[in-house]
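[1] here is the input, now give the coordinates:
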Amino acid sequence: MFLEMSKKNDSERGGWIYRGFRNYVIFINSLYYPKIYSIGVENLPKPGEPTLLVGNHQNCLNDPLNTEIVIKDRKPYCMVRSDVFKNKLFCTLLDGLGLLPVSRLGFEGKAAMAGNDKTFEVARRVLSEGKTLMLFPESGHQDKRWLGYFSLAYLKLAFEAAETAHFEKEIYIQPFAHHYEEYFHPRYDMMVQFGTPIALSPYYAKYKEKPRTTIREVNALVEKQIGDMMLNITDLDNYTAIDYLRSSEFGREYARKDGRNPNYVVDKLASDKQLFAALEAAKAKAPEAMDNIYRNAREVDTETRRLGMRDWVLAKRPGMGNLMARLIVLLVTLPLFISGLALTWPVFLVPKFFHRLKINGAIDPMFISSFNVGSMALVTFPLCCFIPALVMLCCGNWLGAIGHVISFVLMVLFVIYYQRWFAKFRGVWNFHFADKKAIAALTAKRDRLFNELKKHLYNIG
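    Next comes the predicted model:
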């Protein structure tokens, strides 16, 4: 079915289904992400040149959606997990969006793998006809900021597409990488960065003689580019400690020290990469001392969360005046929050149902933001925002329709920020009224930790 259907909507910018959905997703994503930064888009091969987009997989459905948003001059086809194609009516929409089903041995099972042949046939045709295909060779998304192991099937597919064209057509591998400021909550920035495209034609002759060796050689180049563009914390044994250090006030100070803005996701990514490199160098020089630092970092992080705070509270140590000012703001705006929540509650309640769904037998927290965006796009905004506005338009109340859409959007944003303000207020409250002895001990341990770390990273003391 997909082979026949994919011959439709094959224009470079896609058919009306794709263009309409892309614009709609841009609107929804602008509510979820304040800013999506695109770096290196000019590196992309020109439209009409066969291009295989290859990226890291950090955030489920949001990865391909965000990539398609920043690519404006073409319609990328994308390989996705086959279990989303179970509904035949839904298949028409997915095909119109350029999505192609792929079964994975470790997830959908061996029996489902037979359906991949037709998908790969479509994918080879997409490339050989000069279109753009996107896939994620890690096969599954990661739950940490690191680059997983690549399945080499993507390069086999690319070289087979070249072979279909008798090795007379250039095919490009375009590495790209995602970086999310925050995985699980709305109103945090993200970025997509594109590297240097790799032309396969210089490898055609070698591929004919030694296909496996050639594929491994090209894959090493692709992995290197993607790993360099992202925050690739390869020390998984100490991942929790490193992630705490980079996201703590220490990590923010580290960025400022080099003249970078820790509130600008592009700067913070560059600083985090540099910090991890410095931590690795310090570990190589003083492994026992760094093991002790990492152990203390994990303990400080765990205790901070147990006491209901985040590191910024311990860093700023806000006084009672700060607490009272936060309380007054929350109380003054409470009626607006209640009225806003009464209007928009499905936007916040519906995703919680999906968050409890088991994926491959377990609850996967990395689906949270995908469920948040997906439920907004497919359920809550159509039902609660657009359909009521459409009814008002049909009744001739165009002013009411516009007012409803605007007020609904503004209330969604206000409720999101109010919840964040309340969470910060609660952290400051706990700082003043939780176990004072435990907080004092934690603060002292945190200060010792950061001072000891500075000695190793800054060569002082």
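
[2] could you list the low-pLDDT ranges of the protein?
    Regions of the chain meeting the criterion pLDDT under 70 cover residues 1-14, 81-98, 103-115, 459-461.

[3] quick check, central residue of it?
    Asn59 (4.0 Å; Cα atoms, centre = their mean).

[4] residues making contact with stretch 356-369?
    Residues outside stretch 356-369 that contact it (Cβ atoms under 8 Å, 6 or more residues apart in numbering): 32, 59-60, 62, 107, 141-143, 180, 183-186, 351, 354-355, 371. Quick note: C-beta positions are derived from backbone N, CA and C, even for glycine.

[5] count the neighbours of Leu343 for me.
    By other Cβ atoms under 10 Å, 18 other residues sit near Leu343.

[6] chain center to stretch 236-250, what's the gap?
    19 Å (Cα atoms, centre = their mean, to the nearest Å).

[7] CA-only coordinates of that stretch in CSV, if you can.
    Only the C-alpha atoms of stretch 236-250 are listed here, as CSV (Å, rounded to 0.1, in the frame of the first residue of the first chain):
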residue,chain,number,x,y,z
LEU,A,236,27.7,6.5,31.6
ASP,A,237,28.9,5.3,35.0
ASN,A,238,29.1,8.9,36.2
TYR,A,239,26.3,10.3,34.0
THR,A,240,24.0,11.4,36.9
ALA,A,241,26.8,13.3,38.6
ILE,A,242,28.0,14.9,35.3
ASP,A,243,24.5,15.9,34.3
TYR,A,244,23.9,17.4,37.8
LEU,A,245,27.2,19.4,37.6
ARG,A,246,26.5,20.8,34.1
SER,A,247,22.9,21.8,35.0
SER,A,248,23.8,23.2,38.4
GLU,A,249,24.9,26.8,39.2
PHE,A,250,28.5,25.5,38.8
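
[8] for that stretch, list every residue counted as buried.
    By neighbour count on 16 or more other Cβ atoms under 10 Å, the buried set for stretch 236-250 is Asn238, Tyr239, Ala241, Ile242, Asp243, Tyr244, Leu245, Arg246, Ser247, Ser248, Glu249, Phe250.

[9] isn't the residue nearest to the centre of the chain up against His178?
    Yes - Asn59 is in contact with His178 according to Cβ atoms under 8 Å; the separation is 6.7 Å.

[10] got the phi/psi numbers for the residue lying closest to Ala255 once chain neighbours are set aside?
    Among residues not flanking Ala255 along the chain, Ser271 sits closest, at 3.7 Å (Cβ to Cβ, 6 or more residues apart in numbering). Comment: the main-chain dihedrals of Ser271 come out as phi -70, psi -40, following degrees, to the nearest 10.

[11] these two touch, right, Ser271 and Gly259?
    No - counting by Cβ under 8 Å, Gly259 is not a contact partner of Ser271; they are 9.8 Å apart.

[12] who has more neighbours out of these two?
    Neighbour count, other Cβ under 10 Å: between Ser271 and Gly259, Ser271 has more, with 24 against 8.

[13] could you find the closest non-adjacent residue to Ala58?
    Careful, residue 58 is Gln; it's not Ala. Nearest residue to Gln58, sequence neighbours excluded (Cβ to Cβ, 6+ apart): His178, at 4.7 Å.

[14] for the one you found, helix, strand, or coil?
    strand (DSSP: H, G, I helix; E, B strand; the rest coil).

[15] who are the contact partners of it?
    Neighbouring residues of His178 by Cβ under 8 Å, 6+ apart: Gly55, Asn56, Gln58, Asn59, Asp63, Asn66, Thr67, Met190, Met191, Val192, Met230.

[16] where do the strands sit along this protein?
    Secondary structure of the chain (DSSP state E): strands located at 36-39, 51-55, 77-81, 99-102, 132-135, 172-180, 190-194, 198-199, 358-359, 362-363.

[17] name the strands paired with the longest one and say parallel or antiparallel.
    To tie it back to what came earlier, the one meant is strand 172-180. strand 51-55 (parallel), strand 190-194 (antiparallel), strand 198-199 (antiparallel) (DSSP bridges).

[18] can you name the residues bridging to the residue nearest to Gln58?
    Val192.

[19] circling back: got a winner among the contacts of His178 for most neighbours?
    In these, the most neighbours by other Cβ under 10 Å go to Asn56, 28 neighbours.

[20] show me what contacts that residue?
    With Cβ under 8 Å, 6+ apart, Asn56 has these contacts: Phe136, Glu138, Gln142, Leu147, Ala177, His178, Ile226, Met230.

[21] with adjacent residues omitted, what lies nearest to the last one?
    Read it as Met230. Distances taken as Cβ to Cβ, 6+ apart place Ala177 nearest to Met230, at 4.1 Å, with adjacent residues excluded.

[22] and that neighbour, how close does it get to Gly55?
    Separation of Ala177 from Gly55 (Cβ to Cβ, to the nearest Å): 6 Å.

[23] okay, and the common contacts of the two?
    In contact with both Ala177 and Gly55: Ile226, using Cβ under 8 Å, 6+ apart.

[24] I figured Leu236 hits Asp143, correct?
    No - because the distance of 10.7 Å does not satisfy Cβ under 8 Å, Leu236 is recorded as not touching Asp143.

[25] re the thing from before, can you flag the buried ones in the contacts of stretch 356-369?
    Buried, going by 16+ other Cβ under 10 Å: Tyr32, Asn59, Cys60, Asn62, His141, Tyr180, Tyr183, Pro186, Pro351, His355, Phe371, out of the contacts of stretch 356-369.

[26] list just the nearest of those to Lys210.
    Nearest to Lys210, judged by Cβ to Cβ, of the buried ones among the contacts of stretch 356-369 is His141 at 32.2 Å.

[27] I'd say that closest one and Cys60 touch.
    Yes - His141 is within contact range of Cys60, at 5.2 Å (criterion: Cβ under 8 Å).

[28] which of the buried residues of stretch 236-250 fall within helices?
    Of the positions in the buried residues of stretch 236-250, Tyr239, Ala241, Ile242, Asp243, Tyr244, Leu245, Arg246, Ser247, Glu249, Phe250 sit in helices, assigned by DSSP state H.

[29] ok, and the closest non-adjacent residue to the third one?
    By that I understand Ile242. Ile233 is the one closest to Ile242 (Cβ to Cβ, 6+ apart), at 5.5 Å.
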